[in-house]
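**Student:** Make a model of this:
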Amino acid sequence: MTKQSPLNVLVIGLNFFPEVTGIAPYTSGLVRGLVDRGFNVDVLTAHPHYPEWKVHAGYGGRKRIDFQDGIQITRLPHYVPAKPEGFRRLASELSFGSRVLLAHWGRPDVIVMVSPALFSTAMAMFRARMSRRKPPISLWIQDLYSLGMTETGTGSGAVARLVTWVEKVTIGAASGVVVIHSRFAHYLTEKFGIDPQQIEVIGNWTHLKQTPPFDVAAIRARHGWEPDETIVLHAGNMGVKQALGNVVKAARLAEEQELPVRFVLLGNGSQRESLVAEGQGISRLQFIDSLDDSGFQAALASADVLLVNEKLGVSEMAVPSKLTSYFNAVRPVIAATDGQGVTAGEIGASGGGVVVDAEDPQALVNASIAFRDDPVWAASLAASGMRYRTDVLGQEVAIDRFAQWLRGLALEPDRINGLTHSQGKDGGNS
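**Tutor:** Here you go, the predicted model:
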């Protein structure tokens, strides 16, 4: 590879188009953006299955190779558990990782590995570092497992230590790390002793095009939403971190208090079945299955308020990707979360919504009614969120920075044997 020749990039990640929520839109957007900038890009991914945790219709079975807009997309079959919890989730990641180990990688000049999924990424990292060529690797971290286990209280002490060790070793083997928030960068430096110069902060961008005009009345009617009720919609994964039992409780309170508010949970996830059971018989609660891209945008734009809900104690582990979609819909946002956490910081920076205490259903109900009672205020917050989307969350600037970062890695062979750890830093688990 010379400075003039196209850079050959291999992207390895569990999630990719046509999945419309979570990490997939960002990985897909990066790949297309790199191709537009003259890179040659191949993708190793799984068959689409998120957030339903069921392989999408038309996919599955054997390995499948697709060609789209000059991109070779190799889809590898792997184990997809109906309930992705504990060892089943681990088995799923190991299953994908084993397929990646045996796949044909070609001769990339640089590799982008996406985490989650941590354990399949660790396996891919092992293969790359055992190879003769040892191409430089950019690890793109969307979520930190060790931090997530601490904040959600999942996993025993031994399991948490193992996960932390795997995460530390995997990050330490990369040539450079891209994180989506400065707090992640601080965590890597303080927890794992990673040199800050080896970390690049590139925030997630708005992956949806500006929301087109929709027939809101028709869409609301299609979903059974009354014209005079306030629709508070949560979109995306229904997992442990989201703690959506709080929303079920809020819906029950709205019903008991005879308030014209309906809480809508759009999407799927490991906790959906239990949430449906918990919410049985609550008239102010509705579940909607995952929608395609157009239907998803239409639902967001037709709601009155959009919701981020997080488990009590979750403050640093991840930046909810749904925020970029929410701002794009030009609707005010309620974030039920830690007031000092990453999500609250994004709400404050954008001016696009309000923050209420995590797992306080009455506070969630009160905020919903406050928006209903003051539509001018609600519209002003929605407009602020849209300005933030335009001015800060632009896709082109983010991908330009990513492209520059990858070119730098490819041209600096001294990075290829892994990250330099900061002198004097504690790289252990304390």
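
**Student:** CA only for contacts and neighbour counts going forward, please
**Tutor:** OK.

**Student:** I'd like the distance from Ala363 to Ile369, if you could.
**Tutor:** 10 Å (Cα to Cα, to the nearest Å).

**Student:** Return the set of buried residues in stretch 249-262.
**Tutor:** By 16 or more other Cα atoms under 10 Å, the buried positions in stretch 249-262 come out as Lys249, Ala250, Ala251, Arg252, Leu253, Ala254, Glu255, Pro260, Val261, Arg262.

**Student:** Run through the chain and note the low-pLDDT ranges.
**Tutor:** Applying pLDDT under 70 to the chain flags the ranges 1-4, 151-156, 210-211, 315-319, 413-430.

**Student:** How is it divided into domains?
**Tutor:** According to automatic domain parsing, the chain comprises the domains 8-205+394-415, 216-391.

**Student:** for the stretch 51-200 of the chain, what spans make up the strands?
**Tutor:** Using DSSP state E, counting those that start in this stretch, the strands of the stretch 51-200 of the chain run over residues 64-68, 71-76, 110-115, 137-141, 176-179, 199-201.

**Student:** I should have written the stretch 201-350 of the chain there, sorry.
**Tutor:** Using DSSP E, counting those that start in this stretch, strands in the stretch 201-350 of the chain cover 230-235, 261-266, 285-288, 305-309, 333-336.

**Student:** With distance to Pro6 as new columns, can the ones you listed be given to me in CSV?
**Tutor:** Output for the strands of the stretch 201-350 of the chain, formatted as CSV (distance: least, Cα to Cα, whole Å):
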stretch, distance to Pro6
strand 230-235, 39
strand 261-266, 41
strand 285-288, 44
strand 305-309, 41
strand 333-336, 42
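
**Student:** for these, which one sits closest to Ser131?
**Tutor:** strand 230-235 (41.4 Å; Cα to Cα).

**Student:** tilt between the closest one and strand 261-266?
**Tutor:** Orientation check (axes from the mean of the first three to the mean of the last three Cα atoms, to 10 degrees): strand 230-235 against strand 261-266 gives 20 degrees.

**Student:** circling back: determine which two of the buried residues of stretch 249-262 are furthest apart.
**Tutor:** Taking Cα to Cα, the two most distant members of the buried residues of stretch 249-262 are Lys249 and Pro260; they sit 15.4 Å apart.

**Student:** May I have the residues that are in contact with Lys63?
**Tutor:** By Cα atoms under 8 Å, 6 or more residues apart in numbering, the residues touching Lys63 are Thr74, Arg75, Leu76, Pro77.

**Student:** Which residue, other than its chain neighbours, is closest to it?
**Tutor:** Leu76 (4.8 Å; Cα to Cα, 6 or more residues apart in numbering).

**Student:** For that neighbour, grab the count of nearby residues.
**Tutor:** By the criterion of other Cα atoms under 10 Å, Leu76 has 23 neighbours.

**Student:** mind listing the helices for the stretch 1-150 of the chain?
**Tutor:** 24-36, 86-102, 118-130, 145-152 (DSSP state H, counting those that start in this stretch).

**Student:** now the strands of the stretch 51-200 of the chain in a markdown table, with distance to Val35?
**Tutor:** Below are the strands of the stretch 51-200 of the chain laid out as a markdown table (distance: least, Cα to Cα, whole Å):
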| stretch | distance to Val35 |
| --- | --- |
| strand 64-68 | 11 |
| strand 71-76 | 8 |
| strand 110-115 | 14 |
| strand 137-141 | 17 |
| strand 176-179 | 19 |
| strand 199-201 | 21 |
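
**Student:** which stretch among the ones you listed comes nearest Val216?
**Tutor:** strand 64-68 (33.2 Å).
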